[in-house]
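The sequence and its predicted three-dimensional model are supplied below.
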Amino acid sequence: MSRAILYDSTLCIGCKACEGGCAERWGLPYDDKIAAEERISAHKLTAVETHGERYSRRLCMHCAEPTCVSVCPVGALQKTSLGPVVYDAEKCMGCRYCLQACPFQVPTYEWNKRLPKMRKCDMCYERQSQGKQTACAEVCPTGATKNGDRDQLLAEARQRIAEKPGQYYGKIYGVKEVGGTSVLFLSAVPFEQIGLRTNVPQEALPDLTWRVLDLTPDIVSTGSILLGGIWWITNRRGEVARKEGRRK
Amino acid sequence: MKLKLPKITVWRAIFAVVLLSGLYATYLRIMYGLGGATNLSDKFPWGLWIGFDVLCGVGLAAGGFTLVAIVHIFNIERYKPILRPAILTAFLGYSLVVVALLYDLGRPDRIWHPLIMWNPHSVMFEVAWCVTLYSTVLFLEFIPVVFEKFGWHKPLEWIHNISVPLMIAGVLLSTLHQSSLGSLYLIVPEKLYPLWYSPLLPLLFYISAIAVGLSMTIFESWHSSRAFGRALELPLLASMARVLAVLMSAYLWLRFLDMARRDVFGLLLRNRTETWLFALEIGLMVVPTLLLYQRKVRMSPGALYACVVMILFGFIANRLNVAVTGMEAGSGAHYIPKWTEVAVTLSIVGAGFAIFRVIAEYFPIFEAHPHEHAPEMEKTEADSVAVG
Ligand code: SF4
Ligand code: SF4
């Protein structure tokens, strides 16, 4: 069973309760000033953005095949079978490849700390593994953020679109994007109008690298035979020449 | 005993200023973290230290593996006189890349983590391993110089016994990580500007690294001949420049074909920063390539040097375009390095030059080993031209 979050922008009233719940769950400070910052950062792991009269939440998408997990050189990021993508700060060496590679620009860094960590939403992995709801879903007063089983939430999203086709842009964001994500979005308007990236590939990004990395063993084996062979031939030629030279 | 003060020259003064500002920048980096010392941000997490110090640094050190392959694997012995400086540059280059990484990593104390915490799916992991192993190889390739200096014959023999597998390993490791630096960017197809993003990035990075390896060798030979009052191995360098021209042509042709296949030439009509910096990069590569096809240019020390410098700048422009220019629009961020980033970079470069000089002065870098005096070598030395 894989857990997910369904965020329905048409139900969101922009109260930012999810931001507060998230800050509390992480023990991060939260006040009016921070609430006004409409972007995620190392001290704000989810943010409600205003797009005209519409709202849109930003948080880690918990991709099915996460780019960040594939690029992290030390394996500090892992996709759990439960769904959340979790982070082990003890392993992280701060290369920031995850920030660079994430197609949704989610990971953030504690730039001003002397011993910094990467920070991002972990879909309340601990709470969910104890059977609890994510902090954001728990405090959402309108049900715009809902936490549950991915298949069920997907079915529910489809049903909402089918029931009120006029109210929704007919697609669900997160079904195909980068090969699927564990955070799903519903919207009344095309997704780019609520600030979602629609230019992301429809396939999982890690494959792009793996196709090349997978050649490594071949390069090493073919390469060593080739180089060894060339060395042997050219060297023998030199030896032969030297011997013949001496005989003369 | 009289204390001899070093002469104060303009270059030394500049060097001192750079080094001092670098020291102050280092203090800021340690005390105020990456935020205090760089203009990096969540949307633009890699800047000058990755784009120049690492990407260019590793590339500019490619002369080491290129020449080892030429001299020892393809057995073209006449290049032997310039092998040692190339290995020394490479060894210094990689050491300095590691120093730069210590600045750039958020947790430099954990630089060793990839060695025990594995993720074979990560390009960065592969780069980390290859660079570590290759630095070891370079160290072993360089250490005979030290042994020779002190006349330690036993260890010299040991190293000699493993030298062939060592050299092959070095060439393979270089092949892997030079191309992998390009692979680092395969994962950002939606962020890297299409003039640079290509599925061929690893191959393009690799070929350009070899070209730059040759260019650096010529560049160094030219400088060391002036600094140490040696004759310039001009015929050697000229024939190397010929290979360089062919290689650069192949590289440019490949880029052209790749752009045609991806159908991105239309982008060149847009009046954007990317277009201009792309034109600069390509210009710095095309012009010297064409010039190097002229025998006259290759045989004139000044012109040869100018061409090689242009290629080096073209290469640096390419790496910075990939790492900075090409990433700005896609990340929705604007990045200009902070003075501290520049100061650290310049200090590292300056330190590299200074250390090279000191080592070259005290160790047998430029003299050939006594029993390696091959007859061909004397011939080349006899008809080489002095630079003045
Ligand atoms: S959205 Fe980014 S940080 Fe979150 S799982 Fe996907 S790749 Fe990782
Ligand atoms: S910054 Fe940390 S978590 Fe992110 S890729 Fe680097 S080591 Fe992994």
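Okay, I see it. Owing to the predicted nature of the structure, the values given are computational and were not obtained by experimental measurement. Ligands and ions are numbered 1, 2, ... in the order given.

show me where chain A has strands.
A:3-8, A:47-51, A:54-58, A:77-79, A:85-87, A:108-109, A:118-119, A:145-149, A:183-186 (DSSP state E).

CSV for those, including mean pLDDT?
Formatted as CSV, the entries for the strands of chain A read as follows, by pLDDT from 0 to 100:
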stretch, mean pLDDT
strand A:3-8, 96
strand A:47-51, 95
strand A:54-58, 94
strand A:77-79, 96
strand A:85-87, 97
strand A:108-109, 97
strand A:118-119, 96
strand A:145-149, 95
strand A:183-186, 96
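
Columns distance to B:Leu346 on top of the ones you listed, output as TSV?
Where C-beta positions appear, they are placed from N, C-alpha and C, glycine not excepted. Below are the strands of chain A laid out as TSV (distance: least, Cβ to Cβ, whole Å):
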stretch	distance to B:Leu346
strand A:3-8	47
strand A:47-51	38
strand A:54-58	38
strand A:77-79	34
strand A:85-87	35
strand A:108-109	25
strand A:118-119	29
strand A:145-149	49
strand A:183-186	44
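
Give me the number of neighbouring residues for whichever residue of the stretch 201-350 of chain B sits closest to ligand 1.
Proximity to ligand 1, evaluated over the stretch 201-350 of chain B using Cβ to the nearest ligand atom, is greatest for B:Ser331 at 13.6 Å. Taking other Cβ atoms under 10 Å in any protein chain shown as the neighbour definition, B:Ser331 ends up with a count of 22.

again with the one 3 residues further on
Other residues near B:His334 number 12, with proximity taken as other Cβ under 10 Å.

Just give the nearest non-adjacent residue to it, would you?
Distances taken as Cβ to Cβ, 6 or more residues apart in numbering or on different chains put B:Glu328 closest to B:His334, at 5.9 Å, once the chain neighbours are dropped.

touching chain B at all, the longest helix seen in chain A?
Scanning chain A for the helix with the most residues, using DSSP state H, yields helix A:216-247. Yes. Legend: contact between helix A:216-247 and chain B by Cβ under 8 Å from any Cβ of the partner chain is shown at A:216, A:219-220, A:223-224, A:227-228, A:230-231, A:234-235, A:237-238.

Wait, B:Gly41 touches A:Thr108, no?
No, residue B:41 isn't Gly; it's Ser. No. In this structure, B:Ser41 sits apart from A:Thr108 without contact. The criterion is Cβ atoms under 8 Å, and the distance is 9.2 Å.

Between these two, which has more neighbouring residues?
In terms of neighbours (other Cβ under 10 Å), A:Thr108 is the more surrounded of B:Ser41 and A:Thr108; the figures are 24 against 19.

how close does that one get to ligand 2?
The span separating A:Thr108 from ligand 2 equals 10 Å under the rule Cβ to the nearest ligand atom, to the nearest Å.

how about that residue, what does it touch?
Counting by Cβ atoms under 8 Å, 6 or more residues apart in numbering or on different chains, A:Thr108 makes contact with A:Ile40, A:Ser41, A:Ala42, A:Leu45, A:Leu99, A:Met118, A:Arg119, A:Lys120, B:Asp42.

between the strands of chain A, which gets nearest to B:Leu195?
strand A:108-109 (28.0 Å; Cβ to Cβ).

Quickly run through the sheet partners of the closest one, with directions.
For strand A:108-109, the pairing partners within the sheet under DSSP bridges are strand A:118-119 (antiparallel).

can you list the residues that contact the strand it pairs with?
If you take Cβ under 8 Å, 6+ apart as the criterion, strand A:118-119 is touched by A:42-43, A:45, A:76, A:87, A:89, A:92, A:94, A:96, A:98-99, A:107-110, B:106.

Might you report the residue contacts of B:Ala100?
Residues in contact with B:Ala100, defined by Cβ under 8 Å, 6+ apart, are B:Trp49, B:Asp53, B:Val54, B:Gly57, B:Val344, B:Thr345, B:Ile348.

from the residues you listed, which single one is nearest B:Glu126?
Proximity of the contacts of B:Ala100 to B:Glu126, judged by Cβ to Cβ, is greatest for B:Val54, which lies at 14.3 Å.

Does the closest one touch B:Leu96 like I think?
No. Counting by Cβ under 8 Å, no contact exists between B:Val54 and B:Leu96, whose distance comes to 9.9 Å.

Tell me which of these two has more neighbours.
Between B:Val54 and B:Leu96, B:Val54 has the larger neighbour count (other Cβ under 10 Å), namely 24 against 20.

In contact with the more buried one: list those residues for me.
B:Val97, B:Ala100, B:Leu101, B:Asp104, B:Leu181 are the contacts of B:Val54 under Cβ under 8 Å, 6+ apart.

Name all residues that make contact with the residue of the stretch 201-350 of chain B closest to ligand 1.
Residues counted as contacts of B:Ser331 (Cβ under 8 Å, 6+ apart) are A:Gln105, B:Lys43, B:Phe44, B:Lys191.

per-residue confidence at B:Lys379?
Model confidence at B:Lys379, given as pLDDT, is 37.

and the gap between the closest residue to chain A within chain B and A:Ile219?
Shortest chain B-to-chain A distance, computed as Cβ to the nearest Cβ: residue-wise this is B:Gly106, at 2.1 Å. Using Cβ to Cβ, to the nearest Å, one gets 31 Å for the distance from B:Gly106 to A:Ile219.

Between the two, which has more neighbouring residues?
Legend: neighbour count by other Cβ under 10 Å for B:Gly106 and A:Ile219, higher for B:Gly106 (22 against 14).

Three-state assignment for that one, please.
Under DSSP: H, G, I helix; E, B strand; the rest coil, the three-state class of B:Gly106 is coil.

and chain A, which residues reach ligand 1?
Applying Cβ under 6 Å from any ligand atom, one finds that chain A approaches ligand 1 through A:60-63, A:66-68, A:85, A:102, A:104, A:106-107, A:120.

pLDDT weak spots in the chain?
In the absence of a named chain, this looks at chain A. A:1, A:245-248 (pLDDT under 70).

wrong one, I was asking about chain B
The model of chain B has pLDDT under 70 over residues B:1-7, B:367-388.

Now for the nearest residue to B:Val123 once chain neighbours are set aside: which residues touch it?
In space, B:Val123 comes closest to B:Ser183 once its chain neighbours are excluded; the distance is 4.6 Å by Cβ to Cβ, 6+ apart. Remark: with contacts taken as Cβ under 8 Å, 6+ apart, B:Ser183 is in contact with A:Thr209, A:Val212, A:Leu213, B:Val123, B:Leu201, B:Pro202, B:Phe205.

dump the residue contacts of the nearest residue to A:Glu65 once chain neighbours are set aside.
Leaving out its chain neighbours, the residue that sits closest to A:Glu65 by Cβ to Cβ, 6+ apart is A:Ala204, at 3.7 Å. By Cβ under 8 Å, 6+ apart, A:Ala204 lies in contact with A:Cys63, A:Ala64, A:Glu65, A:Val178, A:Gly179.

Considering these, which possesses the most neighbours?
Sorting the contacts of A:Ala204 by how many neighbours each has (other Cβ under 10 Å) puts A:Cys63 first, at 28 neighbours.

That one and A:Ala135, how far apart?
Distance of A:Cys63 to A:Ala135, computed by Cβ to Cβ: 21 Å.

and if you look at B:Glu141?
The value you get for B:Glu141 to A:Ala135, if Cβ to Cβ is used, is 56 Å.

Same question for B:Val342.
From B:Val342 over to A:Ala135 the distance is 43 Å, taken as Cβ to Cβ.

Which of the two has more residues huddled nearby?
A:Ala135 (22 against 17).

coming back round to it: please narrow the contacts of strand A:118-119 to those residing in helices.
Among the contacts of strand A:118-119, the members falling in helices are A:Cys98, A:Leu99 (criterion: DSSP H).

Buried among the contacts of strand A:118-119? Need that as a selection in ChimeraX.
Remark: buried members of the contacts of strand A:118-119, expressed as a ChimeraX selection using 16 or more other Cβ atoms under 10 Å in any protein chain shown:
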select /A:42,45,76,87,92,94,96,98,99,107,108,109,110 /B:106
